[in-house]
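Participant: Test case, fold it:
(2 chains)
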Amino acid sequence: MPGKSDPAPLDADRQIDLAKRLLAAGQNEAAIEQLHPVIAADPNHFDAQLLVGVAYHKLRRYEQAQGYLEKARELAPNDARPNYPLGFCLYYLGQREAARKAFEKFIAAFPDHGHAYLGLGLIEFDDDRLDEAAACFKKCIELNARYADDPTRASFQGSGHVRLGDVYERQQKFEQARDQYIKATQFAEADASLYAAYFKLARVQNRLGDHEGAKKSMQKFEETKDKIRPSEGFPEQ
Amino acid sequence: MSGEQRARSIDHTARLRASMWLTSQWVLAALPFGMAGLARAADPPALRFSDVTKASGVDFVTTSGKQPSREILEVDGNGVALFDFDRDGDLDLFVANGATTDDTENGPGSRMYLNAGDGTFKDVTADVGLKLKRWGMGVAVGDYDGDGWDDVYVTCFGPNVLLRNVGGKSLEDVSKAAGVDDSRWGTGCAFGDIDGDGDLDLYVVNYLDFDPRNPPSRSSFKGVTVMRGPHGLPKVQSVLYENLGDGRFKDVTADAGCIVKEPGYGLGVAMLDFDGDHRCDIFVANDSTPDFFFHNKGDRKFAEIGLLSGIAANIDGTTQASMGIGIADVDGNGLPDKFTVNFSSDTNTLHLNFPGPFFEDRTSQYGLGLISRPFLGWGTGFYDFDGDADEDLFIANGHVFPEAATQNIDSPYEQTPLLFERHGDRFERITDAASGEMIQRPTRGRGVAFGDIDGDGDIDMIMLILNGPITILRNEAPPRDWLIVSCNAGAKNPRGLGCKVEVTCDGKTQRRWIYGGGSFQSASAQYAHFGLGERSGRKASLRVTWSDGQTDLFDDVQAGSLLTIQCSEKRLQASPFKVVP
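Facilitator: Numbers count the residues shown, from 1 in each chain, chains lettered A, B, ... in the order given. Now for the predicted structure:
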C-alpha cells in the first residue's frame, strides 16, 4: 500500500487522453508536458511518442518532431500513421527523398487520404516534375472533396487547388491557373490561411491583362492575410 | 568592326599576371598530356576554395556589439568592399567595422587594406587618414565626383559617411558637404544612375528605429526566448539621393515617388535595369516585410510595384526576411533574375524575371528551395567560380539568435556556407571537403564581397564573420578561359554601373550586369566576369549595352584578358542630362 509521500501512480491512458484534447485545442506545449512523463516511464509508448511528435510538428519545431515520429515508426513499423506528420517534417527540414518515402508509406496504408498527396505533390513540384505534381494535387482535391462538410478536408481541398494553380502557372497555362486560384479563393472565405490564393490570382490576372481584377484580388489578399497576421514575430511564426 | 567601335579603346593587356599564389594545378596543367592525365585522376574538384587569411596578413576581428549578441543592433554584422582604391590594377579591401551598444560612436574603427599584389594586404588605415570609429554597417563604392577615383559610402548606426578618395592617397570625410549624412540606422546602400545624366546617384536603405539605451523587452521565437525585432520596432523610410554633379546630393525620395505608405525593415538593395527599358530600377530587400520594387518610369519618377509585379513576396505571397541579393540571368531569357536569402525555417527565393515586368518564384524549380530551410542567409552572389560557362552560387549563413540550435528551432547558431554548382537547370549543393574546408565549417557568416583578388582570372571572396576574423577565400579553380570586362562609361561613371555585358562563345551567350548593391551590406568588384570553359585560348564575341541603351559589339575577343572598354566621351557629352527613352 503506497505511503502518503509516494507520488500518485502515472495513469498513462488518462495523460494520453488529456494530451489529445490539448492538441485539439491548439495547446501544443501543454500537451507535450502531459506526455513527457509517459515517455519517461515507458520510452516505448507508441501513442506518447507519436503525439509528442505531432505536437512539435504543430509548433513547427520539425527537428524535434522528427525524432519522436521516427521513434514511433520504429516502435510500430506496421502502423503508418507517423509517416504523415513525419513526411511534412522531413519536407520542411529539406530532406526531400526521406519525405517522399514517408508520404508514400502513408498513402500505401491510407490510399483515400488526400492530405498526403498534397505533401507528395509539393515534393514533385520541388523536383520540377510538373505532371506528377499535378496528378498528386488533383488526387488531393478529389479525395478531400468527398468530405465537403469536414472543414479540415475543405482546407486541404483548397490547398490542392492553390498548388494545382502553381503547376499551371509554371507551365505558363495562365487561364487554367486562374481557374484553380478562383476555386481556391472560395475555400479562403472560410479559411483565411488560404490567403495565398488571392495573391496568386492577382498575379495571373495581371499576366492576363486583367489589372482591375488583379487590384481587387490583391485587396482581398491583404484583408484575408490580416485576419491571421501575427502581431509580431518572424516568418513561419 | 565599325569605325565607331574602333574608336573605342580595348585594352587587351594581359592583366592575369603570374601570381605568387600559383598552385600545383597550374603547374600540372603545363605537363605533357600523359602526365597531366595521370595527375587529373587525383585532381581536386574544380569548385574549390582555400582560406588564405593567415598568409594574406589580414589579421583583424570585426566588431558588431558583444558576443553573444543580445540586441538586434548587434546581429547584422558589417560590410566589406573590394575595389581598386589606388588604381594600381588590383582589388583593395575596405571593411566597415562596428562598435558596441555602450558607445556606438567609438568602436575599433573601419579598416582599409591595400593589395600588395603578392598575395598579401597591407593595413593602410592610418596612412589614408581613415578615422571612422562610428558603428559602420554597409558599404557602397562609386566615383560620385567623377574624378576617376572610386569613393566609399558607409551606412552607420548614426550619421552615414561619404569618404572621398583623394587620388588613391587618402579618404576624406565629405558627408556633411555632400548632404548624405542621414543619421538613421542605415544598412544596404548602392550607387546607380537613376536619371540618365551620367553621374552616380545613391540609394540608402534604412532598417528601423532602435535606442541602445532603452532596448526593447525580449521576445519569443518557436517558444524560445530571444531578442526582439524587427517586428514591434518602428520602421523608417529609406532615402534616394540625386547627384547634383557638384559634389552635393539632394534627397529626392519624395519627389521621385519612393516614399512608401508602409516602410519596410530595409536591409539590402540592388540598382539596375530589370526590365530592359534602359532606366535604373531599385530593388529593396526588406526584413519580414514585403520587398520593394521601385520601377523607374523616367523623368526621375518611380512606381513601387513590388506586389503587383510578384517580386515582393514568395510564391505564396508570404513576406520573407530578405537579406542579401544575387542577380543573374538564371533562365537565360536576357533579363536579370533576382535571388534573395532569408530567415531559417523559410526558403531562399529565386524570382525569374519576365517581360512586364513580372516576377515568378521559381526557387524550387532550380533546386534552391527546401535545401535552404535550415539556414539563415546573408551575403550571396552568382559567379562562375569554376569557369565552366555557367554561374554558381555562394551564400554565407549564420543565425541571429545565439540561443538557436537545431534541437529547438531547427537551425543552429553557427552555420556552414552554402556553395552550389550549376548543373543544367538545377543548382547542386557542394558539400565535399575537397571543395574546401570552409564549406564544412560552421560559422557566423555575414557580408561577402566577390572579385578576382589575386589576378588569376577567377573569382575569390572576402567573407565577414560576426565578431570574427575577416576571412579571405581564394578560388582554386583549375586553368580556364576567363574573361573580365570592365566598362568605362565616361568620367562620371568610370566603372560602368548600369551596363549589361554579353559574351558569346562556343555558341553560348552569357550575360552579366554591372550594378550597385547586391550581396549583403557589401560591394563586390564592379566588372563583368565570365568563365568560358577549359583553357584553349578561344575567342569570343562581346556585346556591351551601355546604360543609355546603345550597344557596341566586339568580335574575336581573346579569352584570358581583363578588357577595359572605354565609352566615347563624345556620346556622353552629347546628352549629359538626357532621360533615356
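
Participant: could you measure the residue in chain A that chain B sits nearest to against B:Arg184, distance?
Facilitator: When scored by CB to the nearest CB, chain A has A:Phe199 as its residue closest to chain B, at 2.9 Å. Where you see a C-beta, it was placed from the backbone N, CA and C, and this is true even at glycine. With distances taken as CB to CB, to the nearest Å, A:Phe199 is found 31 Å from B:Arg184.

Participant: Between these two, point out the one with more neighbours.
Facilitator: Taking neighbours as other CB atoms under 10 Å in any protein chain shown, A:Phe199 and B:Arg184 compare with A:Phe199 leading, 26 against 20.

Participant: SS state for the more buried one?
Facilitator: helix (DSSP: H, G, I helix; E, B strand; the rest coil).

Participant: In contact with it, which residues are there?
Facilitator: Contacts for A:Phe199 (CB atoms under 8 Å, 6 or more residues apart in numbering or on different chains) come out as A:Ser217, A:Met218, A:Phe221, B:Leu307, B:Ala313, B:Asp316, B:Gly317.

Participant: Of the residues you listed, just say which sits nearest to A:Asp128.
Facilitator: Comparing the contacts of A:Phe199 against A:Asp128 with CB to CB picks out B:Asp316 as the nearest, at 17.8 Å.

Participant: Near the nearest residue to the closest one once chain neighbours are set aside, how many other residues are there?
Facilitator: Counting by CB to CB, 6 or more residues apart in numbering or on different chains, B:Asp316 lies nearest to A:Ala196, which is 3.9 Å off, once chain neighbours are set aside. Applying other CB under 10 Å, we find 27 residues neighbouring A:Ala196.

Participant: What distance do you get for A:Ala196 to B:Ala313?
Facilitator: Distance from A:Ala196 to B:Ala313, by CB to CB: 9 Å.

Participant: residue contacts, the nearest residue to B:Phe354 once chain neighbours are set aside?
Facilitator: Closest residue in space to B:Phe354, ignoring its immediate chain neighbours: B:Glu360 at 6.6 Å, by CB to CB, 6+ apart. Neighbour list for B:Glu360: A:Glu169, A:Arg170, A:Arg203, B:Gly310, B:Ile315, B:His351, B:Leu352, B:Phe354 [criterion: CB under 8 Å, 6+ apart].

Participant: Let me know whether B:Val124 touches B:Ala116 as I believe.
Facilitator: No - B:Val124 is beyond contact range of B:Ala116, at 10.4 Å (criterion: CB atoms under 8 Å).

Participant: does B:Arg134 really touch B:Thr100, like I thought?
Facilitator: No - checked against CB under 8 Å, the pair B:Arg134 and B:Thr100 is beyond contact range at 11.9 Å.

Participant: Confirm that B:Tyr203 sits in a strand.
Facilitator: Yes - using three-state DSSP, the assignment for B:Tyr203 is a strand.

Participant: picking up where we left off before, okay, the contacts of A:Phe199 in CSV with pLDDT next?
Facilitator: Shown next, in CSV, are the contacts of A:Phe199 (pLDDT from 0 to 100):
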residue, pLDDT
A:Ser217, 96
A:Met218, 91
A:Phe221, 92
B:Leu307, 89
B:Ala313, 93
B:Asp316, 86
B:Gly317, 87
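
Participant: Kindly write the ChimeraX command that selects the buried subset of these.
Facilitator: To isolate in ChimeraX the members of the contacts of A:Phe199 that are buried, counting by 16 or more other CB atoms under 10 Å in any protein chain shown, one can use:
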select /A:217,218,221 /B:307,313,316,317
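
Participant: so where is chain A shaky, pLDDT-wise?
Facilitator: Where chain A drops to pLDDT under 70, the residues are A:1-8, A:229-237.

Participant: residue ranges for the strands of it, please.
Facilitator: Applying DSSP state E to chain A gives no strands.

Participant: which residue is nearest the centroid of it?
Facilitator: A:Phe88 (6.8 Å; CA atoms, centre = their mean).

Participant: isn't it right next to A:Leu118, touching?
Facilitator: No - using CB under 8 Å, A:Phe88 makes no contact with A:Leu118, being 9.3 Å away.

Participant: which of the residues in the lengthiest helix in chain A are buried?
Facilitator: For chain A, the helix with the greatest residue count under DSSP state H is helix A:151-170. Residues of helix A:151-170 classed as buried: A:153-170 (neighbour count, 16+ other CB under 10 Å).

Participant: before we move on, back to that, give the residues shared as contacts by B:Arg134 and B:Thr100.
Facilitator: With CB under 8 Å, 6+ apart as the test, B:Arg134 and B:Thr100 both reach B:Gly107.

Participant: neighbour count winner among those two?
Facilitator: Per other CB under 10 Å, whichever of B:Arg134 and B:Thr100 has more neighbours is B:Arg134, with 24 against 17.

Participant: Now do the contacts for the more buried one.
Facilitator: B:Ala99, B:Thr104, B:Glu105, B:Asn106, B:Gly107, B:Cys156, B:Phe157, B:Gly158, B:Pro159, B:Val161.
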